[in-house]
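1. Here's my sequence, what's the structure:
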Amino acid sequence: MLERIFEKKVTYKPRTLRLLKKAMAVTDQENLKVPFYGKTGMGMRKGIVVDAWYAGFAEGFKGNVYFCVHLGRSDKEEVSSAKAKEIAIQIVSDYMGK
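-> Predicted coordinates for the structure are as follows:
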């Protein structure tokens, strides 16, 4: 869906796109090679986080790279949207650095 929105396959006013992009901007960009935008989320059942995700895109020299990292519940470690974000940024940064 993000690709459809930001590649102009869905018609939104430029102001709306600017506001959405601003809301999705990763605030600690200085440690990143390219600009990142995304949204975290999580699902809970009976007060326990059962899944978490980070979906978004990074702006590269050859165009945008869209991604979504989804983490499911694990008995071995905590699931969090912050961890999904960390994984996504590492994978996409590595990919775009090649």
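2. Now residue 80. Nearest residue, chain neighbours left out?
-> Among residues not flanking residue 80 along the chain, residue 52 sits closest, at 5.4 Å (Cβ to Cβ, 6 or more residues apart in numbering). Backbone N, C-alpha and C define where each C-beta goes, glycine included.
3. who's in contact with the one you found?
-> Counting by Cβ atoms under 8 Å, 6 or more residues apart in numbering, residue 52 touches 40-43, 70-71, 79-81, 83-84.
4. now do residue 57
-> Contacts of residue 57 by Cβ under 8 Å, 6+ apart are 2-3, 6, 36-38, 64-67.
5. Would you list the buried entries among these?
-> 2, 6, 36-38, 64-67 (16 or more other Cβ atoms under 10 Å).
6. show me where the chain has strands.
-> With strands called from DSSP state E, the chain shows them at 36-45, 48-60, 63-72.
7. what mean pLDDT would you report for the last one?
-> Translated: strand 63-72. Across strand 63-72, pLDDT averages out at 93.
8. Tell me the gap between that strand and the middle of its chain.
-> Relative to its parent chain, strand 63-72 has a centroid offset of 6 Å by Cα atoms, centre = their mean, to the nearest Å.
9. Hey, what's the angle from it to strand 48-60? Just curious.
-> Orientation of strand 63-72 against strand 48-60 (axes from the mean of the first three to the mean of the last three Cα atoms, to 10 degrees) gives an angle of 170 degrees.
10. bridging residues for residue 54?
-> residue 40, residue 69 (DSSP bridges).
11. quick one: it and residue 23, what's the gap?
-> 15 Å (Cβ to Cβ, to the nearest Å).
12. These two: which is more packed in?
-> For the pair residue 54 and residue 23, the greater number of neighbours falls to residue 54 (26 against 9), based on other Cβ atoms under 10 Å.
13. check contacts around that one.
-> By Cβ under 8 Å, 6+ apart, residue 54 lies in contact with 38-41, 68-69, 81, 84-85, 87-88.
14. Give me the buried subset of the residues you listed.
-> By neighbour count, with 16+ other Cβ under 10 Å, the contacts of residue 54 hold 38, 40, 69, 81, 84-85, 88 as buried.
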